[in-house]
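K.L.:
Next comes the sequence, and after it the predicted model I'd like to discuss.
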Amino acid sequence: MVDRQYRKLFAAGIINGMGDRFCQIALLALIYRLTGSGFSVGIMLGLRVIPFLVLSPVAGVLITRISRRMLMMTTDLFRGLAALAFLSVHSPEDIWIIYGVSTLLACGEALYAPARKSSIPLLVHPSELLKVNSLEQVMSGLVLVVGAAAGGIISALFGPQAAFILNAASFFAAGLIVRNIAFPPVMKEKISRAGDPIVFTGSIVGHADGVEPRYHRTVYVWSRGGD
């Protein structure tokens, strides 16, 4: 049985991903309707890639400095508010809003995705990781196929604005689910440079869940320079 806390993370990922797919399909249709230009569509898709190239390394640093839960909640809230800006797009002159907000949403995803992926080993027993990896692949396929199809249907029946509202709501809902995930404490270790006493400092700290250290131990071992 997969851990209950991971199931919350999985549910948040499904909701988050579905809403994002709704928005992408609606945006593609809206841009083409406003401009009639495939080039404009290509610009939007390109702008969504750039933040991943720039911010993914930054996310790797952030998740070692701040709470993963807080990072995911903050990016969900940020993206939910940003997605509502699409409701102000009504004419070709508003195309810059689509470009700008799409880039901001991609920035949020570039920070959210590494935090989410790095949370999985904290919530799942090692013996369950193979099963969880399979579930993650299923989720990706489900979001891609079902999310795209549902986004197209919703946009056709109710207009792209409905898809934008659902996208924003999905971010807020996913953030609430993440807020209720109970992360376990994490062991951190520090090792000094060679030639000095090596100090192993183990602390159960709160970078996973935001709590203060509750346990601390230090072990001193002498190391020869160059070893």
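P.N.:
Okay, I see it. From a predicted model like this one, the values you see are computed outputs, not experimental measurements.
K.L.:
Tell me which other helices or strands the top helix by length along the chain touches.
P.N.:
Secondary structure of the chain per DSSP state H: the longest helix is helix 4-35. Helix 4-35 sits against helix 38-65, helix 68-83, helix 95-123, helix 129-142, helix 148-158, helix 160-179, with contacts defined as 3 or more C-beta pairs under 8 Å, 6 or more residues apart in numbering; DSSP states H and E. From N, CA and C alone the C-beta is placed, and that goes for glycine too.
K.L.:
between the ones you listed, which one is nearest to Leu9?
P.N.:
helix 95-123 (6.1 Å; C-beta to C-beta).
K.L.:
Could I get the buried residue list for that closest one?
P.N.:
95, 98-99, 101-116, 118-120, 122-123 (16 or more other C-beta atoms under 10 Å).
K.L.:
follow-up on the earlier one: distance from the chain centre to the longest helix of the chain, please.
P.N.:
In terms of C-alpha atoms, centre = their mean, to the nearest Å, the centre of helix 4-35 is found 12 Å from the chain centre.
K.L.:
Taking their axis directions, that helix and helix 148-158 sit at what angle?
P.N.:
50 degrees (axes from the mean of the first three to the mean of the last three C-alpha atoms, to 10 degrees).
K.L.:
What are the buried residues along helix 4-35?
P.N.:
5-6, 8-10, 12-31, 34.
K.L.:
mean confidence score for that helix?
P.N.:
Helix 4-35 shows a mean pLDDT of 88 in the predicted model.
K.L.:
between that helix and helix 160-179, how big is the angle?
P.N.:
Using the same axes, to 10 degrees: helix 4-35 against helix 160-179 is 160 degrees.
K.L.:
which ones are touching the spatially closest residue to Thr103 that is not a sequence neighbour?
P.N.:
Nearest residue to Thr103 in three dimensions, chain neighbours excluded: Leu47, at 4.8 Å (C-beta to C-beta, 6 or more residues apart in numbering). With C-beta atoms under 8 Å, 6 or more residues apart in numbering as the criterion, the residues that contact Leu47 are Tyr99, Ser102, Thr103, Ala106.
K.L.:
Closest one of those to Arg179?
P.N.:
Distances from Arg179 to the contacts of Leu47, taken by C-beta to C-beta, are shortest for Ala106, at 23.2 Å.
K.L.:
if I look at that closest one, how far off is Ser56?
P.N.:
Going from Ala106 to Ser56 by C-beta to C-beta, to the nearest Å gives 11 Å.
K.L.:
Hmm, Ala59 is touching Ala115, no?
P.N.:
Yes - using C-beta atoms under 8 Å, Ala59 is in contact with Ala115, at 6.4 Å.
K.L.:
Between those two, which contacts overlap?
P.N.:
Looking at what touches both Ala59 and Ala115 (by C-beta under 8 Å, 6+ apart), the common residues are Leu71.
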